[in-house]
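Enquirer: dropping the sequence and predicted coords here.
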Amino acid sequence: MSAELPAEPLSAADRAECWHQAVASAFVPMAVEFLEDEPSPGTIVGHRLGQVRILQVKAGPQMVTRTRQLIAREDAGSLILTLQQRGTSLKEQDGRETSIRPGEFSITDASRVFRKRVDEDFTFTSFHFPRAELDVHERDLRALTATTFGPGEGSAALVATYLAGMAREAPALDEAVGRRAAATALDLLALLVDDRCGRDRPKGLHGAASLERVKDHIRRNLGDPDLSPSGIAEANHISLRFLHKLFQQEGTTVGAWTRAQRLDRCSRDLRRSTAEELGVAGIARRWGFVNSSHFSRAFRAAYGMTPRDWQMLGRSQD
């Protein structure tokens, strides 16, 4: 979806109405007040990944207000996380007022009254999450609305990096990958809220979506001999420490899980009709093993026999 405030001359009333409709359609119904005599052209470009909507907005000085009357008319039950890229926003909600500068982000609950004012040209990217899907305490969430999160602050840095990457790649992601990306974003947002409020979640609850996303990345790159924990963490916009923690919760390590996946692929290929053509060494290389001796030792440890014996046993059972 996309919307645009045309650059060609329009009356102030027509421009206001045009933009008001665009904002209400893309976000939630809000009262819009321009803070300049001649409203600047503006654009809203959106994408949907699973249950998350991503909106990239550019416009001129204005103030938007979500009133009780508008909430009563349409309560979407959504949370809005906004990454500020240009201009400084002044945001008010739940009795707090804070400034959000470029590089920072904030959280807004669309089910309650809020106000946002920007006195200069601005650019931001917002992410709309269904509140019902975010597993956090209501009081914790209320404590963090209209709060500034900086890009270099632990879990906030993790969230900012991941969401920026998700927005950048959104146009190219297919539906299945988009759903996983959205699930991971929700998981990271819950982690941020719990982290800021000093809560520990039951073991294994945090990171479920992140772990599935990481495993999918590993499966798709098993043939890369340079696949490493540091590279996996970087590709998935998470810290190396968080990556190791995800696999520790399953009682394993990222290296052991990757090796098991590679050995599983090799065991299957050794039983295929093309095994003779590729050879044991060729199959090992296909799945990221660069050292034949290391591969044979790892295979024997996992399957109780050499790769060649495994292959011969498969033939005798055909």
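Expert: Great, that's in hand.
Enquirer: model confidence score at the closest residue to residue 162 other than its chain neighbours, please.
Expert: Leaving out its chain neighbours, the residue that sits closest to residue 162 by Cβ to Cβ, 6 or more residues apart in numbering is residue 237, at 4.2 Å. From N, CA and C alone the C-beta is placed, and that goes for glycine too. On the pLDDT scale, residue 237 is placed at 74.
Enquirer: what ranges do the helices span in this protein?
Expert: 12-26, 68-73, 138-142, 155-169, 175-196, 208-220, 229-235, 240-248, 254-270, 275-286, 292-303, 307-317 (DSSP state H).
Enquirer: what is the fourth one packed up against?
Expert: Helix 155-169 sits against strand 52-59, strand 78-86, strand 105-109, strand 122-130, helix 175-196, with contacts defined as 3 or more Cβ pairs under 8 Å, 6 or more residues apart in numbering; DSSP states H and E.
Enquirer: tell me, how many residues neighbour the spatially closest residue to residue 180 that is not a sequence neighbour?
Expert: Spatial nearest neighbour of residue 180, chain neighbours left out: residue 213 (5.4 Å); criterion: Cβ to Cβ, 6+ apart. For residue 213, the count of nearby residues is 22 (other Cβ atoms under 10 Å).
Enquirer: check residue 213 and give its pLDDT.
Expert: pLDDT at residue 213 comes out at 78.
Enquirer: and it, how far from residue 184?
Expert: Distance of residue 213 to residue 184, computed by Cβ to Cβ, to the nearest Å: 5 Å.
Enquirer: output the below-cut-off pLDDT ranges for the stretch 201-318 of the chain.
Expert: 201-209, 314-318 (pLDDT under 70).
Enquirer: kindly recompute the last result at 50.
Expert: Applying pLDDT under 50 to the stretch 201-318 of the chain flags residues 202-206.
Enquirer: and the pLDDT for the residue nearest the centre of the chain?
Expert: Nearest residue to the geometric centre of the chain (Cα atoms, centre = their mean): residue 185, 3.6 Å. Note on residue 185: pLDDT of 89.
Enquirer: distance of it from residue 212?
Expert: As judged by Cβ to Cβ, residue 185 and residue 212 stand 13 Å apart.
Enquirer: with residue 135 instead?
Expert: When residue 135 is compared with residue 212 (using Cβ to Cβ), they lie 16 Å apart.
Enquirer: likewise residue 303?
Expert: 26 Å.
Enquirer: which of the helices of the chain is buried the deepest?
Expert: Each of the helices of the chain was scored by mean neighbour count; the highest is helix 175-196, a mean of 20, by mean count of other Cβ atoms under 10 Å.
Enquirer: so what does that one touch, helix or strand wise?
Expert: strand 42-49, strand 52-59, strand 122-130, helix 138-142, helix 155-169, helix 208-220.
Enquirer: how far does it sit from its chain's centre?
Expert: Chain-centre distance of helix 175-196: 6 Å, with Cα atoms, centre = their mean, to the nearest Å.
Enquirer: what's near enough to touch the residue nearest to residue 180?
Expert: 180-181, 183-184, 236 (Cβ atoms under 8 Å, 6 or more residues apart in numbering).
Enquirer: could you do residue 73 as well?
Expert: Listed by Cβ under 8 Å, 6+ apart, the contact partners of residue 73 are residue 29.
Enquirer: any idea how far residue 276 is from residue 293?
Expert: 21 Å.
Enquirer: oh, I was asking about residue 287
Expert: 17 Å.
Enquirer: and what of residue 125?
Expert: For residue 125, the distance to residue 276 equals 53 Å [Cβ to Cβ].
Enquirer: over to residue 256?
Expert: 30 Å.
Enquirer: residue 198 now?
Expert: According to Cβ to Cβ, residue 198 and residue 276 sit 60 Å apart.
Enquirer: now do residue 244
Expert: The gap separating residue 244 from residue 276 is 40 Å, by Cβ to Cβ.
Enquirer: do you know how far residue 111 is from residue 92?
Expert: Residue 111 sits 16 Å away from residue 92, going by Cβ to Cβ.
Enquirer: wait, I meant residue 122
Expert: Going from residue 122 to residue 92 by Cβ to Cβ gives 17 Å.
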